[in-house]
Structures are given as C-alpha cells and as structure tokens.
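S.K.: I need the structure of the sequence given here:
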Amino acid sequence: MNNFTLLHTDKNSKARAGVLKTDHSEVETPIFMPVGTLGTVKAIDPKFLYDIDTRIILGNTYHLYLRPGNDVIKHFGGLHKFMNWENSILTDSGGYQVFSLQDIRKIDQNGVKFKSHIDGSSHYFTPESVIETQRILGSDIMMVLDECVPYPSPHNYVKKSIELSLKWAKECKDYWLNKGPMWGHNQMLFGITQGGTYKDLRKEYIERLVEIGFDQYAIGGLSVGEPAEVIYEFTDLSTDYLPKDHARYLMGVGTPENLLECIERGIDMFDCVMPTRNARNGQIFTTNGRINIRNKKHKLSEELIDCGLDNYASQNFTLGYLRHLFVANETLALILASQQNIAFYLWLTKTARKHIIEGDFLQWKKDFLTKYKGED
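M.R.: Predicted structure coming up:
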C-alpha cells in the first residue's frame, strides 16, 4: 500500500503537491520537517509546533540510541509517548552522524563500529540494529542504514560504496519485513539513494534501489559541501528516475532558496537544522528576508519580528526587543528566534504548495526571491 497521494503537478516545472498519510497525521507536501534530534526541537515548546500546524518532526536514531538509550524509550512505550507528541515522527538511521565521525569509526561489510561522542564507549551499527532501534522508537517513518560519502570522492570509491549501501538497504528491508512494528501503529521504511556527484552512479543506484522496493524514497549524499548548483543538478537528475507516485525526501537541505529551487525540481520533503541553529546565532528568517538581529540598526526598531506571519512569536515582539534579548544573553532570545525561523520555514513550504495548486508557482517563486533580501 502506497501512503503517498500525488494531487497536483505544476504544468511549467516538476513541482508537486501531495499528501503523505501516517497513522498519526496527514502530511501535506511539499513540507519542511523541523529537526528534533534528541526528541525535542531545540528551544521550542511543542505547543507552539501544534499552533503552527506542524504535522511531522524528526528524531535521530544515533543520538537517541546513545541518550537516553533504547531501554528508556522502550520503558516509556516509544518516542511518541516519551515526548508526548501526537503527530508524525521521522527518524534518520544515524548513518550520517556515524560517518561524520571519520576519526572514531570503522566500516566493514556488516556495519560500522564507532565510538560515542559523549563518553568514548564503543558501539556497532548494523542494518538490523538500526531498524530495531527505530522499531523501539516507533517512528512513523524509518530510514535505512547507508554510507554517506564525502564530497568530493573518487568514482571508484563511490562505486564501491553504493554496493555496500545497497546491500545494507536490502538487509534493512528484510529485517523489517520479518519483525514488523512494535507499538501497534504502521511504520514506513524509506530507501535512501546515494551515488555521490556521478550521474551514472546516481542513476544506477536509484534503479537498483527501486527494484528492491521501499515505501517511499529519499535522496542522500547531497548538501555535504558541494556548491548549490550541484545540489540542484543532482536533485533534478534524481527526480527524473525516482517513481512519480512516491514521495521524494531531500535530506539535510537547506536554505529557503534551496527549498524553493528543489521544490521546482520535484522534491516533496525537506529537513535541516538551519532554522534553529541559525536562530541561536542571531540570524532571523522572515518573509522579507534574513535579519542579523545583533545589527545595531535594529536597536530602536519598533517593527514586529515578522508582520507576514500569524503566530505568537512573530506578531507580539519587536525587532528592538529581540535584539535586546540577544545582547543581554537572555534565554527568551533563543526561544523567540527559533519559533520565528521554524514558523517561517513551514510558511514557505505551505505557501509553495498553495501556489503549485493554483498554477502560478514559478511566478510566485521568482517574485518572492526577488523580494527576499540578503542578510543585513
């Protein structure tokens, strides 16, 4: 059964509007998914996420496996109950985090051995173990274990890597089919495409991954240091080969401009730490552009944080007040900035969806990006 329904495709581009149904919520696409690595979207009260109609968030298998650990999550009956979240959750397999620890991990045919960044303890991820952890987490969407190769990487290395990742993908699926869900609700398993920045390997990988067969598909191995134009080129290529009747999730991307460019190229789902991470550093995303809130010119500003958004953070505080909070190192600064940035990212994808359905997505995108100022 395919849980994704494609409702509309833009006549002038590959932009799409659809719905991905889980047992916890209906996720209208295109969608940005806030990152809640450790079972919380940093500095944001879950009530605010409900208030802005957040249907899905992310958790991370690597981090939740290390802390609080599978035994704690199991005790509480899964991640939904542990964090008291009623809507959908997607969990990354942890592969990206493990492979970013190049100095403290070792890959073999069966998995990857690594040392915890917390206490240096040794651990071993296999395709079976990451699916088991995601069963315990009870996420609505699980991801397969794969190797995320660095950019740039030689063709022969990437060729060898895709054989390993395809092997692991098949083993993830086999284990999942044998075990099934733990907490009484359905879980989907997404396959992840790899292949570096080689067109032949990307095409081969997608064809072989689709042959294995997964509920939906993700594009991995992009936004790892390559230029934006390369992201767009390989996103465009990937959506040419991925099944049109399945959801397409571009992992770890990115800026507001990245999102709109990749929606145009046929992507349905996004995640990125940028809105919350940048918020904590004083960069605010608004419907009028990016703001460096520490800039002295905002000291006396009576302008609301964002008149274009209808939510508590955007409509109730001035830029002058927000700047004061940052200068004074007040915790509320991080909360309000994070709320603003997440609200903006959800507004952006929801508004893109509206214009895809109305048939003027490309014109709206052009007008928005023209209006969207550079950082001040």
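S.K.: Please make it C-alpha for all contacts and neighbour counts, starting now.
M.R.: Noted.
S.K.: Just the pLDDT for the closest residue to Thr318 other than its chain neighbours.
M.R.: Using C-alpha to C-alpha, 6 or more residues apart in numbering and skipping residues adjacent in sequence, the residue nearest Thr318 is Leu304, 4.2 Å away. Looking at Leu304, its pLDDT reads 98.
S.K.: how is this structure carved up into domains?
M.R.: 4-244, 279-371 (automatic domain parsing).
S.K.: for those, which one sits closest to Leu260?
M.R.: Nearest to Leu260, of all those, is domain 279-371, at 7.0 Å by C-alpha to C-alpha.
S.K.: Show the backbone phi and psi for the residue nearest to Thr318.
M.R.: phi -60, psi 160 (degrees, to the nearest 10).
S.K.: quick one: it from Thr287, how far?
M.R.: 12 Å (C-alpha to C-alpha, to the nearest Å).
S.K.: So the closest residue to Phe234 other than its chain neighbours versus Leu250, what's the distance?
M.R.: Closest residue to Phe234 apart from its sequence neighbours, by C-alpha to C-alpha, 6+ apart: Thr197 at 7.1 Å. Using C-alpha to C-alpha, Thr197 is found at 15 Å from Leu250.
S.K.: Same check on Tyr198?
M.R.: On the measure of C-alpha to C-alpha, Tyr198 and Leu250 end up 17 Å apart.
S.K.: okay, those two: which has more neighbours?
M.R.: More crowded of Tyr198 and Leu250, by other C-alpha atoms under 10 Å: Leu250, with 27 against 15.
S.K.: Touching, the more buried one and Met269? I think so.
M.R.: Yes: in this structure, Leu250 is within contact of Met269 by C-alpha atoms under 8 Å, at 6.2 Å.
S.K.: Let me know the next secondary structure element after the lowest-mean-pLDDT helix or strand in the chain.
M.R.: Ranking every helix and strand in the chain by mean pLDDT, DSSP states H and E puts helix 95-100 at the bottom, with a mean of 79. Beyond helix 95-100 on the C-terminal side, the first helix or strand identified by DSSP states H and E is strand 105-108.
S.K.: who's in contact with that next one?
M.R.: With C-alpha atoms under 8 Å, 6 or more residues apart in numbering as the test, strand 105-108 has contacts from Val98, Phe99, Val112, Lys113, Phe114, Lys115.
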